[in-house]
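[1] Have a look at this fold, sequence not included:
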């Protein structure tokens, strides 16, 4: 009996990561035409990430239309590891330039990442992949929130209204 309980406790984190990865993929796969208003599917996926403890219940950074959540757990997704999630949406008019949708900051490592899978996903879902230092989201994140010692291994996968499949990674 103790072995069964031990095995169940060992498997539970893997199941939560699978659920988290599924929720993240659901957020990213929102068609561009449906990114303007938050859908119940999107809200449910974000709530699922909060329940799993992947992100906090409140955003870590709020700027204009952006709610940025720093990842509390290392969730593998598309060959990388989630560092942050950016949810941009129009709740009330702040002044200018909303680009609704989801962006993920991913640590793809130099040799471990399946960059081809990431690029294929971006192409299929009207997303862009940008090196961290070239992404507009880098300006919104405080430097102290990300380990800056390996910025060259960090990319932003942005699936927002104005993104196009873009393969800027080298």
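    Looks like it arrived, so ask away. None of the values given here were measured: they were computed from a predicted structure.

[2] what about residue 67, is that helix, strand or coil?
    Under the three-state scheme (DSSP: H, G, I helix; E, B strand; the rest coil), residue 67 adopts strand.

[3] which one is the residue nearest the centre of the chain nearest to, not counting chain neighbours?
    For the chain, the residue nearest the mean C-alpha position is residue 104 (2.7 Å; CA atoms, centre = their mean). Among residues not flanking residue 104 along the chain, residue 157 sits closest, at 4.8 Å (CB to CB, 6 or more residues apart in numbering). (Each C-beta comes from the backbone N, C-alpha and C, glycine too.)

[4] thinking the one you found is in contact with residue 106, fair?
    Yes: the pair residue 157 / residue 106 is scored as a contact, 6.0 Å apart, by CB atoms under 8 Å.

[5] Residues that sit against both of those two, list them.
    78, 118 (CB atoms under 8 Å, 6 or more residues apart in numbering).

[6] dump the residue contacts of residue 114.
    Contact partners of residue 114, counting by CB under 8 Å, 6+ apart, are 78-79.

[7] roughly how far apart are it and residue 156?
    Separation of residue 114 from residue 156 (CB to CB, to the nearest Å) stands at 17 Å.

[8] Please, where are all the helices along this structure?
    Assigned by DSSP state H, the chain shows helices spanning 2-28, 40-51, 115-124, 137-140.

[9] Could you point out the longest strand of this structure?
    The strand that spans the most residues within the chain, counting by DSSP state E, is strand 80-88.

[10] for it, packing partners?
    Identification of packing neighbours for strand 80-88 by 3 or more CB pairs under 8 Å, 6 or more residues apart in numbering; DSSP states H and E yields helix 2-28, strand 66-70, strand 101-107, strand 154-160.

[11] Now do that strand against strand 101-107: the angle between them, please.
    150 degrees (axes from the mean of the first three to the mean of the last three CA atoms, to 10 degrees).

[12] ok, strand 80-88: who's next to it in the sheet?
    Sheet pairing of strand 80-88 (DSSP bridges) gives strand 66-70 (antiparallel), strand 76-77 (antiparallel), strand 101-107 (antiparallel).

[13] Same list (those strands) but as CSV, adding mean pLDDT.
    Formatted as CSV, the strands paired with strand 80-88 follow (pLDDT from 0 to 100):
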stretch, mean pLDDT
strand 66-70, 91
strand 76-77, 93
strand 101-107, 92
